[in-house]
Every structure is written in C-alpha cells, then in structure tokens.
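Q: Generate a structure from the sequence data that follows.
(one chain, ligands or ions: 2)
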Amino acid sequence: MNARYLKMPHVESGMTVGLFGGSFNPPHEGHALVAETALRRLGLDQLWWMVTPGNPLKDRNNLAPLGERIARSEKIARNPRIKVTAFEQALGQSYTARTLEVIQARNRDVRFVWVMGADNLKNFHRWQDWRRIVATFPIAVIDRPGSTLAYLSSPMARAFSQARVDEDRAGSLALRRAPAWTFIHGPRSGLSSTALRSANSG
Ligand SMILES: Nc1ncnc2c1ncn2[C@@H]1O[C@H](COP(=O)(O)OP(=O)(O)OP(=O)(O)O)[C@@H](O)[C@H]1O
Ligand SMILES: O=C(O)c1ccc[n+]([C@@H]2O[C@H](COP(=O)([O-])O)[C@@H](O)[C@H]2O)c1
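A: Ligands and ions are numbered 1, 2, ... in the order given. This is a model prediction of the structure:
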C-alpha cells in the first residue's frame, strides 16, 4: 500500500469536507452514490472516503486486507473531489469519536460533516462515545433501503430531535455548530458488501 494513504488528506482553510468512513469490504456503487449525494446535497468541497482498519463492532475474520479495500475503493470513487484514505490505520485505532477529535485538532479552519448510511443511524447509540461524536461535527445520514424510518425511531434521532435540520437546508449543514444532523432522501441503492461477498463465495 502506498504510504500516502496513511496520511490525512490535504485540505485548504475554509473548505467544507465530508467524512465518509466505511469497511468497504468490498466497496460498491451504493457507496459511490452516497458519496456523490453528500457532495452535491451538502455542497462540499471534498469528501474523505475513509477505509477503516476495522469497524469496532464487526467481526474482522472476513475483512479483506486494507490495501485491497483501498485499491478497489479508488476504482469506484471516480470523482476527483473524493479522497480515498486510510489514515486511521496510522492513528492505531478505529473508534470514530477519537478519529474525529484528531481531525478537528489538526484542521481548526475546516468545516467537517460526518456522513453515513441510514443503517448506521439505527445502531449509532452502540458506537463508543456516540454523544461525543454528535457534539463534534454535524452529521448527514443518507437514506438506504430498509432503514428509511430510522430517522424517526433510532435512539440518536430521538435524543437529538431538536438538532435535526430539514433536508431542504442540507446545504447549510457544514456551516452549523454541532449538534446538527439531517436525513437526506434521494435515489437509493440496494447494494451491500454482504450480498457481494456471498455472491462471490457461492
Ligand atoms: N446501499 C447503500 N445505501 C446507503 N448507504 C450505504 C449503502 N451501502 C453502504 N452504505 C453506507 O456506507 C458506509 C460504509 O458501508 P459498509 O462499507 O459497511 O458497506 P455495507 O454494504 O453496509 O457492508 P456490509 O454489508 O458488510 O455491512 C456506511 O455508512 C453504510 O451505512
Ligand atoms: O466508533 C465506533 O464505535 C464505531 C462503531 C461502528 C462503526 N464505526 C465506523 O463507522 C464507519 C462505517 O462502518 P461500516 O462498517 O458500517 O462501513 C466506519 O468508519 C467505522 O469505523 C465506528
């Protein structure tokens, strides 16, 4: 793996940047759709496609090597505004709360938004220090088949209902102070890495 993937991507002061973390095991067009939707609807300058060393809540037995997940991500993330990175590996940890703290400390003049699919909104309250994550950066949740109603029922959505921003105002999300989150509807993709893994092993 090229060592540049272990460094945080370069970003200019004043930019707005989406942080799209994932296992990408393997990456698929559903991920590209999330990235494109976030870039467009949030009006972002950049989006960091952050390939995790390992989701703390997932079994790592089936996880492809980091270098392979990066190489495949590069093929799918075609927009030049998307920067594929794995700098969490160099931080030696994979908890999002900690990663966001480091990103914030190193980039004081940049506005970040955490970007995730709606399936993750359902389980967000199981993430380490999840309330701290909500307090650090605004969050954009992108709709996903099977998880559309998560914006009503999930513990995070309920606990932070006052901080929800209408999706018509998604373009202002990056400039808002956390806590702030929005749920973005739009074209959806039914693709999943699990389905691709089973199709490839069958
Ligand atoms: N089809 C999709 N629509 C919307 N969001 C998605 C979709 N696929 C993945 N995501 C989101 O992309 C991020 C990375 O997802 P991940 O790499 O875990 O893919 P996955 O298809 O959910 O994998 P798996 O099936 O192994 O759980 C997560 O925030 C996830 O919610
Ligand atoms: O910090 C946590 O406790 C935590 C728990 C679950 C997932 N995450 C992160 O959420 C992102 C999406 O993970 P995944 O496996 O759904 O693609 C990825 O960056 C993970 O490291 C983080």
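Q: same for the longest helix seen in the chain, what does it pack against?
A: Determined from DSSP state H, the single longest helix within the chain is helix 29-42. Helix 29-42 is packed against strand 16-22, strand 46-51, helix 66-76, strand 111-117, strand 139-142, strand 181-184, with contacts defined by 3 or more C-beta pairs under 8 Å, 6 or more residues apart in numbering; DSSP states H and E. Heads up, the C-betas are built off the backbone N, CA and C, glycines and all.
Q: Ligand 2 contacts on the chain?
A: Contacts of the chain with ligand 2, taken as C-beta under 6 Å from any ligand atom, map to 21-23, 50, 52, 55-58, 94-97, 120, 127-128.
Q: ok so, going back, out of the helices and strands packed on helix 29-42, which one sits most buried?
A: strand 139-142 (a mean of 27; mean count of other C-beta atoms under 10 Å).
Q: what about the helix or strand immediately after that strand in the chain, distance to the chain center?
A: Using DSSP states H and E, the next helix or strand after strand 139-142 towards the C-terminus is helix 150-153. Its chain's average C-alpha position is 18 Å from that of helix 150-153, according to C-alpha atoms, centre = their mean, to the nearest Å.
Q: Could you list the residues in contact with helix 150-153?
A: A118, D119, L121, K122, V141, A157, R164, F183 (C-beta atoms under 8 Å, 6 or more residues apart in numbering).
Q: Could you list the low-confidence segments of this protein?
A: Scanning the chain for pLDDT under 70 picks out the ranges 202.
Q: Quick check: the residue of it found nearest ligand 2 vs A174, distance?
A: Ligand 2 sits closest to G21 of the chain, with a gap of 2.2 Å, by C-beta to the nearest ligand atom. Separation of G21 from A174 (C-beta to C-beta, to the nearest Å): 17 Å.
Q: repeat for G14
A: From G14 across to A174, the span is 11 Å (C-beta to C-beta).
Q: the more surrounded of these two?
A: The neighbour count for G14 versus A174, taken as other C-beta atoms under 10 Å, is higher for A174 (22 against 9).
Q: bridging residues for the residue nearest to that one when sequence neighbours are not counted?
A: Once flanking residues are discounted, A174 sits nearest to T16: 3.9 Å by C-beta to C-beta, 6 or more residues apart in numbering. Going by DSSP bridges, T16 is paired in beta bridges with R111.
Q: so T16 makes contact with L42?
A: Yes: the pair T16 / L42 is scored as a contact, 7.2 Å apart, by C-beta atoms under 8 Å.
Q: Which residues are in contact with each of these two?
A: Residues touching both T16 and L42 by C-beta under 8 Å, 6+ apart: V113, A174.
Q: What residues sit buried inside the longest helix of the chain?
A: Within helix 29-42, the residues that qualify as buried are G30, H31, A32, L33, V34, A35, E36, T37, A38, L39, R41, L42, counting by 16 or more other C-beta atoms under 10 Å.
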